[in-house]
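> model the following, please.
(2 chains)
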Amino acid sequence: MTECKGCGNGPNEPKFMPDWSKVFVSREEFLKVLSFGLSGVIGLIAVIPGAGFVLNFLFRPQAPKWVKLGPLPNFKEGETARVGFRDPFFLPWDGVTANRSVWLRRNPDDQITVFSVSCTHLGCPVKWESKAELFMCPCHGGVYYKDGQVAGGPPLHPLPQYPVRVVANNVEIRIDTALTEG
Amino acid sequence: MKVLENLINYIDERTGLKEPFLRAILHPVPKGSTWLYVFGSAIMTCFIIQVVSGMALGTIYSSSAGDAYESVKYISSVAPFGSLLRGIHYFGASAMIVFTGMHMLRIYLMGSFKYPRELSWLTGVGLLFLTVGMGFTGQILRWDQNSVWTVAVGANQAMRAPFIGKYLVEILNAGPEVGAQTLSHIFSYHVFLLPGILIGAIVIHIWMVLFNGISEPPKVGELVDPATYKKKYHDLLERDGQPFWPVSVSRDIIFSTIVVLGILALAHFVGPPAVDIPPDPSIIQAQPKPDWYLLWYFSLLAIMPKQLEDVSILLCPVIAVLVLLAPAILAPRGERSPSRRPWAVATVFMVVSFIGILTYLGVKEPWSPNFDAKAVPIEVIGAKSGPVYDGAQVFNTKGCLFCHTISHYGGTKGPDLTHVGSRLTHDQVTIRVINGGNNMPAYAGNITPEQLKSVTTFLESRK
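So this is what the prediction gives:
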């Protein structure tokens, strides 16, 4: 302990911390508690709206939205194509950052599957190698088959898929905050 | 000079700052505080360089997601001194991280973290993480394709945290996905929140250095005992301590000048990191990579057995914090000399080697497919038609080339197949192509019988 005169160590020196037993009988002790309490109130008033503002995204309602990817005839049977779209939750100053991509596969049985472009290993964007019929990740070499199942490399889970529907001959996907695993 | 003296006295009369300043600058330091003691002040110098260059860059940089990329391009190619300033800011950050590492190694090896300086070590660990945090957020502010996907990769790792993963992702992205709020939040963290905490932590750190004094060079067999240490230290200072100013300070300033000149030279001759293509996540030509100081961690995730990945992604940072905090908590007393602490020396050697090797691997990326690999040419194939030639075309187009090398053509992720014909039989090659194995995909559903026959013929011919 360092020596300090006037720091409340001596018997007759003023103390910094309140004496709880005298809070309601001593003016000084009451004012100490009042000052601590009001400082806390000031801190909370300063912090709570600010924290709420910084974390606004946690309180914004995020109801899923369906996004059009294009007319069904645009997608050839047996082929996988990259399709771009605009994030439905975009903000006016997003710029090109709100652009998104998915891999859309139209199977010969006319079933449509839409995959996330993000590798399930670390989230790098996977490429479709059409001749090899494989999705390949440039980061750590994750490989997926055309149905999104893991073919090799470090990923443990298949490529996530988006819920798909065809409305008025248009392919649409549902954008949620979390993707299901295919 | 008289005018200056009068001015100082005028200020001192009204502030009382002269005495604490002189006490700080003239406080005695132990004899033998040599060039090994200059890293702390070098970090401080780098930090000042960062603050000045950062404030200058901030006058043009736009933190709007729609404009940030163009503003960085403008700073880099049009604004006077813009490229130089970006270079200074980048190499200043790198130097700060390098000298923080060297400072910590010096403190650890000399046992300077022991009583009464344990809290200096703990705040130092905090400063290390804050510095790396500043570097990571600064990389994102470039707001090019690599930055956007680096955030995505970070979010993907955070997603693995049990229960709180979704919330961590939202906090990192400032929303469910990368977007406008990601950049404005990270900008705010980079220029307000983290520097604010950093300055506070630096003040506390320096206060403790002044309060406890600079640790004396360790002597073999002189153990730290909290009951006697402070008296011994003060006796030592009284016996043969020397004032901090001017000998030690001049040493610090000489080294800091060399560091600043080095930063300036690198900024001028090497230049700032290139700005990638625009931050459009729909363009998927991206190979996100952290800046050099986090490459080792990126490599660790690449070579980690995949079953351990989830655990290691979550536990590695926690373990790193605990390991860094441990010395001050577990060994606050005892021997300081490195010659009597062989395990400490071995630990430093292992950690430096581990990070060095992983960083080298991170630069080389032997685990990544080479999408730019040139097709195996006819002179290597050895045929212009026939099954060997056809097999080479299958090899070139079916993705084999991205991972396997044949006579220096192709990637390095998988085994070199230049002489595969001399070590595997026809059946073994066929089985491997059909079934895959280790990291290789099974081609059973992706290859026709004719293609299989020709590619195995081609591979058998590689002897």
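> check contacts around B:Ile75.
B:57, B:60-61, B:82-83, B:85-86 (CB atoms under 8 Å, 6 or more residues apart in numbering or on different chains). Using the backbone N, CA and C atoms, a C-beta is placed for each residue, glycine as well.
> so it, which of the three states?
helix (DSSP: H, G, I helix; E, B strand; the rest coil).
> what's the domain layout of chain B?
If you go by automatic domain parsing, the domain ranges for chain B are B:31-279+B:288-364, B:378-460.
> show me how the record splits chain A into domains.
A:1-60, A:65-181.
> do you know which of those domains lies nearest B:Gly126?
domain A:1-60 (21.0 Å; CB to CB).
> how far off centre is the closest one?
Offset of domain A:1-60 from its chain centre (CA atoms, centre = their mean, to the nearest Å): 36 Å.
> what of stretch A:62-70?
With CA atoms, centre = their mean as the basis, the mean position of stretch A:62-70 lies at 18 Å from the chain mean.
> can you point out the buried residues in that stretch?
Neighbour-count burial for stretch A:62-70 flags A:67, A:69 (criterion: 16 or more other CB atoms under 10 Å in any protein chain shown).
> and stretch B:180-195, by the same measure?
B:180-187, B:189-191, B:193-195.
> so which of those also contact chain A?
Contacts with chain A within these, as defined by CB under 8 Å from any CB of the partner chain: B:180-183, B:185.
> in a markdown table: those, plus secondary structure and pLDDT.
Shown next, in a markdown table, are those (DSSP: H, G, I helix; E, B strand; the rest coil; pLDDT from 0 to 100):
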| residue | secondary structure | pLDDT |
| --- | --- | --- |
| B:Ala180 | helix | 91 |
| B:Gln181 | helix | 92 |
| B:Thr182 | helix | 93 |
| B:Leu183 | helix | 95 |
| B:His185 | helix | 95 |
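> out of these, which one sits closest to chain A?
Closest approach between these and chain A, by CB to the nearest CB: B:Ala180, at 4.3 Å.
> okay, that closest one and B:Trp296: tell me how far apart.
Relative to B:Trp296, B:Ala180 is positioned 32 Å away (CB to CB, to the nearest Å).
> list the contacts for B:Met96?
B:Met96 makes contact with B:43, B:46-47, B:50, B:131, according to CB under 8 Å, 6+ apart.
> quick one: the helices in the stretch 101-250 of chain B?
B:118-141, B:145-158, B:165-173, B:180-188, B:194-212, B:229-240, B:249-269 (DSSP state H, counting those that start in this stretch).
> so which of these is the most surrounded?
Each of the helices of the stretch 101-250 of chain B was scored by mean neighbour count; the highest is helix B:145-158, a mean of 24, by mean count of other CB atoms under 10 Å in any protein chain shown.
> what's the angle between it and helix B:165-173?
Interaxial angle, helix B:145-158 versus helix B:165-173 (axes from the mean of the first three to the mean of the last three CA atoms, to 10 degrees): 160 degrees.
> show me how far helix B:145-158 is from its chain's centre.
So, by CA atoms, centre = their mean, the centroid of helix B:145-158 is 16 Å from its chain's centroid.
> is that helix in proximity to chain A?
Yes: for helix B:145-158, a contact with chain A is found by CB under 8 Å from any CB, at B:148-149, B:152-153, B:155-157.
> which residues touch that helix?
A:97, A:118, A:121-125, A:139, B:139-141, B:165, B:168-169, B:172-173, B:178, B:182, B:186, B:276-281, B:283, B:285-290, B:301, B:313.
> which members of these are classed as buried?
A:97, A:118, A:121-125, A:139, B:139-141, B:165, B:168-169, B:172-173, B:178, B:182, B:186, B:276, B:278-281, B:283, B:286-290, B:301, B:313.
> where do the strands of chain B begin and end?
B:28-29, B:242-243, B:405-406, B:409-410 (DSSP state E).
> who touches residue 47 in this structure?
Since you didn't name a chain, this refers to chain A. Shown in contact with A:Val47 (CB under 8 Å, 6+ apart): no residues.
> oops, wrong one, chain B.
By CB under 8 Å, 6+ apart, the residues touching B:Phe47 are B:96, B:198, B:202.
> hmm, try it at 10 Å
B:Phe47 makes contact with B:92-93, B:95-96, B:100, B:127, B:131, B:134, B:195, B:198-199, B:202, according to CB atoms under 10 Å, 6 or more residues apart in numbering or on different chains.
> hey, what's the nearest residue to A:Glu79 once chain neighbours are set aside bridged with?
Closest residue to A:Glu79 apart from its sequence neighbours, by CB to CB, 6 or more residues apart in numbering or on different chains: A:Arg106 at 6.5 Å. With DSSP bridges as the criterion, A:Arg106 is bridged to A:Glu79, A:Ile112.
> test my guess that A:Arg106 contacts A:Phe75.
Yes: the criterion here is CB atoms under 10 Å, and A:Arg106 meets it with A:Phe75 at 4.4 Å.
> looking at these two, which is more packed in?
Neighbour totals were compared for A:Arg106 and A:Phe75, and A:Arg106 leads with 21 against 17 (other CB atoms under 10 Å in any protein chain shown).
> gap between that one and B:Phe192?
Per CB to CB, A:Arg106 is found 49 Å from B:Phe192.
> ok, now which ones touch B:Leu84?
B:Leu84 makes contacts with B:53, B:264, B:267-268, B:271-272, as judged by CB under 10 Å, 6+ apart.
> thanks a lot, see you next time.
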